[in-house]
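# Structure, please.
(chains A, B, C and D)
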Protein chains: 2
Amino acid sequence: MQSVPPTTAGMATTTPGAALAHILVVDDEPSISGFLRRGLIFEGYSVDVADNGRAALDMILDDPPDLMILDLMIPEIDGMEVARRIRAAEGSDALSRLPILMLTARDTLADRISGLDGGADDYIVKPFEYEELLARVRALLRRSSAQDTSHQAGAPLTFADITMEIGSRTVTRAGRSIELTVREFDLLATFLRHPNQVLTRSTLMQRVWGEDFFGESNVLEVVIGNLRRSIELDGMPRLIQTVRGVGYVLRQNA
Amino acid sequence: MQSVPPTTAGMATTTPGAALAHILVVDDEPSISGFLRRGLIFEGYSVDVADNGRAALDMILDDPPDLMILDLMIPEIDGMEVARRIRAAEGSDALSRLPILMLTARDTLADRISGLDGGADDYIVKPFEYEELLARVRALLRRSSAQDTSHQAGAPLTFADITMEIGSRTVTRAGRSIELTVREFDLLATFLRHPNQVLTRSTLMQRVWGEDFFGESNVLEVVIGNLRRSIELDGMPRLIQTVRGVGYVLRQNA
DNA sequence: TCACACCCTCAGAATCATCTCAGCGCCGTT
DNA sequence: AACGGCGCTGAGATGATTCTGAGGGTGTGA
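Modelled structure (predicted):
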């Protein structure tokens, strides 16, 4: 296991100016909750985890989060019921307005989710794409926090002359549109969210490929290679730079 | 935690210069009407709720709203009939022009949609995404306030040389009228509402087919195929482009 | 009742992203 | 300068995804 990069320098302030949003993840499967926790922390959220409905309700009362990611199938009190109780908490505005992102398996979906009826504001079907989950989390937080009038899917990610719009899934470099595959797109998105920060190989693997990648593989290198070919202009210095023994950075100057 | 913005300013004044728009929600399911009420009020609308058709008609006569969100399946007088009576109210301009956003479950829709002609200005399938609903509400209000004088149900959706009128359910391409089935129509409408935006397979399924589609099916692909055959001109680049691993986009250029 | 339109399912075929592999070259170190 | 490790790249293999035509079921209107 590659050790964490020793350097303390370059802590990335991911979203400049944005206050740390607090997210409660409720799932009894450690692999999922762990994955979410790490990922969301990486994105700059503060994260708590509960592994059953009762604990979740306790934690919510104790310290209401800005958003809850709630699995439908959890012990003690199931997700549907948790949502219902929260919505029923007429007393507290903070509670009854708490955005809930429901996490469900596909089979369950059919029976149970009559959409948002139960009190969820949005839901996502397992297995989900990490990028999609992030997008929904952002959308829910945006909706609840700022009732700002600027709608439309959030501001595009940019770096140097690269622009990426998650919603429309378009990427441009110097105004010229670029086609990317899913892997390339996710990888680039990860870099764009953490510019100038060295991302370790394993971090990238986890962000883009998810938990399940045992064994050795050099997929990452291959995709990095393709991505470079897609976005880098000849003559220009590399944007995605290799940090030997550690990982890669998105950086402008040499 | 991002606390609620301290300022009360920035209420979404959807229709510039217009006073707070007044919306009547008609639905007998408290979970849905409650959800809508809260959400819409949060957005800065004034909201009334009726839980059956008769009450709705009374309230409309009493105080005509700027927009009605109308569930199809409601007690006393069903949504269809409510819409019909409103449209039939020859006497009052305010009534016959009242924008109606119909709320339906997909199963119901399939049967009845053919009779929708002219009754509703738009419809949305349960379960809907909140953002989507908001967008349509805004669109309808904008429309109705914009063209005060000209009757005609709503501005058509357009893209490139495609034109679609929801109300009359007509579609033209380059001036030439095109026949579409219900599924094709819904699918195209979804694209037209989100041009240049990649829509995931599951989003499309949900919007067009509704909740009840577990299991694997390739209906979407089939309908996409048919739709392409209907609207795409030979020699021209595709308008509906597939984005492998993600979904489809309505996009003009390559 | 018949004919027709529509919608879904299915299976085969085509297409394409992704992954694996193996060889090569660069880089830092000895 | 030689060496070893690490990263890069091109060439397939592989499997997933998407497309298409055909067929059956169902409901509607004549």
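
# And A:Leu250, what's its pLDDT?
Predicted confidence (pLDDT) for A:Leu250: 94.

# Quick one: residues contacting the residue nearest to it when sequence neighbours are not counted.
What sits nearest to A:Leu250 in space, not counting adjacent residues and going by CB to CB, 6 or more residues apart in numbering or on different chains, is A:Phe191, at 3.9 Å. Quick note: C-beta positions are derived from backbone N, CA and C, even for glycine. Contact analysis of A:Phe191 by CB atoms under 8 Å, 6 or more residues apart in numbering or on different chains lists A:159, A:199, A:240, A:248, A:250.

# at 10 Å instead, please
By CB atoms under 10 Å, 6 or more residues apart in numbering or on different chains, the contact list for A:Phe191 reads A:157, A:159, A:162, A:164, A:197, A:199, A:204, A:207, A:224, A:227, A:231, A:239-240, A:248-251.

# With A:Gly225 instead?
A:218, A:240.

# That one and DNA strand D: what is the separation?
3 Å (CB to the nearest atom of the strand, to the nearest Å).

# Next up, phi/psi of that residue, please.
phi -60, psi -50 (degrees, to the nearest 10).

# when you scan the helix or strand hosting A:Phe35, is anything in it near chain B?
A:Phe35 belongs to helix A:30-43 when elements are defined using DSSP states H and E. No. Figure legend: helix A:30-43 not in contact with chain B (CB under 10 Å from any CB of the partner chain); closest approach 14.4 Å.

# Can you name every helix or strand that that helix contacts?
In terms of contacts (3 or more CB pairs under 10 Å, 6 or more residues apart in numbering or on different chains; DSSP states H and E), helix A:30-43 is packed against strand A:22-26, strand A:46-50, strand A:67-71, helix A:130-145, helix A:182-193, helix A:201-209.

# What are the buried residues along the second one?
By neighbour count, with 16 or more other CB atoms under 10 Å in any protein chain shown as the criterion, the buried positions of strand A:46-50 are A:47-50.

# A:Arg176: which of those is nearest?
Nearest to A:Arg176, judged by CB to CB, of the buried residues of strand A:46-50 is A:Val47 at 37.9 Å.

# Tell me who's in contact with the closest one.
Counting by CB under 10 Å, 6+ apart, A:Val47 has contacts A:21-25, A:33, A:36-41, A:65, A:69.

# got those as a markdown table, with distance to DNA strand C columns?
Listed next are the contacts of A:Val47 as a markdown table, based on distance: CB to the nearest atom of the strand, whole Å:
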| residue | distance to DNA strand C |
| --- | --- |
| A:Ala21 | 29 |
| A:His22 | 32 |
| A:Ile23 | 27 |
| A:Leu24 | 31 |
| A:Val25 | 25 |
| A:Ser33 | 23 |
| A:Leu36 | 20 |
| A:Arg37 | 23 |
| A:Arg38 | 19 |
| A:Gly39 | 17 |
| A:Leu40 | 22 |
| A:Ile41 | 24 |
| A:Pro65 | 33 |
| A:Ile69 | 25 |
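
# Could I have the buried ones of those residues as PyMOL selection syntax?
Remark: buried members of these, expressed as a PyMOL selection using 16+ other CB under 10 Å:
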select buried, chain A and resi 21+22+23+24+25+33+36+37+39+40+65+69
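
# quick one on the thing from earlier: CA atoms of the helix holding A:Phe35 as CSV?
Provided in CSV are the C-alpha atoms of helix A:30-43 (Å, rounded to 0.1, in the frame of the first residue of the first chain):
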residue,chain,number,x,y,z
PRO,A,30,-19.6,-1.3,5.8
SER,A,31,-18.2,-1.5,2.3
ILE,A,32,-20.7,1.0,1.0
SER,A,33,-20.8,3.4,4.0
GLY,A,34,-17.0,3.3,4.1
PHE,A,35,-16.7,4.0,0.4
LEU,A,36,-19.2,6.9,0.7
ARG,A,37,-17.5,8.3,3.8
ARG,A,38,-14.1,8.3,2.3
GLY,A,39,-15.3,9.7,-1.0
LEU,A,40,-17.4,12.5,0.5
ILE,A,41,-14.7,13.5,2.9
PHE,A,42,-12.4,13.6,0.0
GLU,A,43,-14.8,16.0,-1.7
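
# Give me the residues contacting that helix.
A:12, A:14-15, A:21, A:23, A:25-27, A:29, A:45-51, A:67, A:69, A:71, A:103, A:126-128, A:130, A:133-134, A:137-138, A:190, A:193-194, A:199, A:203, A:206-207, A:210-212.

# try it again with 8 Å
A:14, A:23, A:25-27, A:47, A:49, A:51, A:69, A:71, A:103, A:126, A:130, A:133-134, A:137, A:193, A:203, A:206-207, A:210-211.

# Which members of the residues you listed are classed as buried?
For the contacts of helix A:30-43, a burial check counting by 16+ other CB under 10 Å picks out A:23, A:25-27, A:47, A:49, A:51, A:69, A:71, A:103, A:126, A:130, A:133-134, A:137, A:193, A:203, A:206-207.

# Beta-bridge partners for A:Val26, please?
A:Val26 has these beta-bridge partners by DSSP bridges: A:Ala50, A:Leu70.

# residues in contact with it?
Counting by CB under 8 Å, 6+ apart, A:Val26 touches A:33, A:49-53, A:56, A:68-71, A:74, A:79, A:82.

# Tell me how far it lies from B:Ser217.
The gap separating A:Val26 from B:Ser217 is 31 Å, by CB to CB, to the nearest Å.

# Start and end of stretch A:228-247, how far apart?
15 Å (CA to CA, to the nearest Å).

# is that stretch anywhere near chain B?
No. Stretch A:228-247 is not in contact with chain B by CB under 8 Å from any CB of the partner chain; minimum separation 15.1 Å.

# now the angle between helix A:182-193 and the helix holding A:Phe35, please.
50 degrees (axes from the mean of the first three to the mean of the last three CA atoms, to 10 degrees).

# for helix A:30-43, the distance to its chain's centre please.
Mean-position distance between helix A:30-43 and its chain equals 9 Å (CA atoms, centre = their mean, to the nearest Å).

# what is the rounded mean pLDDT of that helix?
pLDDT averaged over helix A:30-43 gives 90.

# A:Leu233: which element?
Counting by DSSP H and E, A:Leu233 is part of no helix or strand.

# give me every residue that touches it.
Each residue near A:Leu233 by CB under 8 Å, 6+ apart is listed here: A:173-174.

# Looking at the helix or strand encompassing A:Ile224 now, give me its mean pLDDT.
For A:Ile224, the element it lies in under DSSP H and E is helix A:219-231. Helix A:219-231 carries an average pLDDT of 94.

# any idea which helix or strand comes after it?
strand A:240-243.

# do that following strand and DNA strand D meet?
Yes. Using CB under 7 Å from any atom of the strand, strand A:240-243 comes into contact with DNA strand D via A:Thr242.

# Take that strand, keep the C-alpha atoms, and write them as PDB.
Taking C-alpha atoms only, strand A:240-243 is exported to PDB below (Å, rounded to 0.1, in the frame of the first residue of the first chain):
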ATOM      1  CA  ILE A 240      -1.600  16.000 -16.000                       C
ATOM      2  CA  GLN A 241       1.800  15.500 -14.600                       C
ATOM      3  CA  THR A 242       3.300  12.300 -13.200                       C
ATOM      4  CA  VAL A 243       4.600  12.200  -9.700                       C
END
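
# Quick one: name whatever helix or strand follows that strand.
strand A:247-250.

# What lies in contact with that next one?
When contacts are defined by CB under 8 Å, 6+ apart, strand A:247-250 is touched by residues A:5, A:159, A:191-192, A:194-201, A:203-204, A:224, A:239-243.
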